[in-house]
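# Model the following, please.
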Amino acid sequence: MEKLLRLDKYLSDMDIGSRSQVRTWIRKGRVNINSISCKKPDQKVRVNKDEVSFDGQIIIYEEFLYYMLNKPAGLVSATTDNRDKTVIDIIESTKSKELFPVGRLDKDTEGLLIISNDGELAHKLLSPKNKVDKVYYAKVNGRVTNEDVEAFLSGISIGEPKPCLPAKLEVLSSDDISQVYLTIQEGKFHQVKRMFKAVGKEVIYLKRVSMAGLDLDPLLKPGDYRRLTEDELEHLKKVTLQKKE
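Have a look, this model is predicted:
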């Protein structure tokens, strides 16, 4: 079925400007449809059929948005919160009300968080049946041992009816404060912290560095975000297609 949108909504959805700003610019002749000037904000556009340009730049309509955020500590992984600032609050987009975090990171945890409005992809990435890898870098109070590595690989019990799925623990350094990479395939509440608590240790710093094979961009500082590239998005879709629910 052909999708029709008002021209002003089409452009505001693509973050060209607010609805009122876009209406003004349309009336000033800054917008073309199929190379013909259009000064009517309510003109209907055939999505993915008509060519819309603003100041000579072609604007392709995207129904779904995908961002990579380097979540800083202190933000809540939610769409709204009565007390604290959320990860959505820092995304500057006219579609921000439709966006949501794909999964969650604890308030004091940093690192990779995908922000999107694509519910289907989010479900595939988060479904426990799909066993999508999530890799964390952690600093742990206490010496992490080979026994811990084996215990994590066997499946740690964190007080729930079923133990955690096998997890890969890579020890970078073992000292009074150890450094590790941990790969898990679930997203239970406070899971990483509870897993280490089960072996008598405390996580004092936690950062997610990868999800589904998508690595956190090292150029993104805490609080920075960017759109996913086409290659990154294709990678995520390919990973979820390979998973069987």
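# which secondary structure element contains residue 11?
helix 7-13 (DSSP states H and E).
# Check what contacts that helix and list those residues.
Applying C-beta atoms under 8 Å, 6 or more residues apart in numbering, the external contacts of helix 7-13 come out as 5, 17-19, 21-23, 25-26, 31, 33, 38, 40-45, 47, 52, 54, 59, 61, 94-95. From N, CA and C alone the C-beta is placed, and that goes for glycine too.
# Where strands are concerned, which of the residues you listed count?
5, 31, 33, 44-45, 52, 54 (DSSP state E).
# Looking at these, which is nearest residue 117?
Closest approach between those and residue 117, by C-beta to C-beta: residue 5, at 15.8 Å.
# Look at the residue nearest to the closest one when sequence neighbours are not counted and report its pLDDT.
The shortest distance from residue 5 to any non-neighbouring residue, by C-beta to C-beta, 6 or more residues apart in numbering, is to residue 45 (5.2 Å). Per-residue confidence for residue 45 comes out at a pLDDT of 97.
# what's the spacing between residue 45 and residue 95?
17 Å (C-beta to C-beta, to the nearest Å).
# So if I had to pick from those two, which one is more boxed in?
A count of neighbours by other C-beta atoms under 10 Å puts residue 45 above the other of residue 45 and residue 95, at 23 against 16.
# Give the buried subset of the contacts of helix 7-13 as a ChimeraX selection command.
In ChimeraX, a selection of the buried entries from the contacts of helix 7-13 looks like this (16 or more other C-beta atoms under 10 Å):
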select :5,17,22,23,25,26,31,33,38,41,43,45,47,52,54,59,61,94,95
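# now the helices for this protein?
Remark: helices assigned in the chain by DSSP state H are 7-13, 19-27, 119-126, 146-154, 191-198, 230-242.
# Deepest-packed of those helices, please.
Compared across the helices of the chain, helix 7-13 shows the largest average neighbour count, a mean of 22 (mean count of other C-beta atoms under 10 Å).
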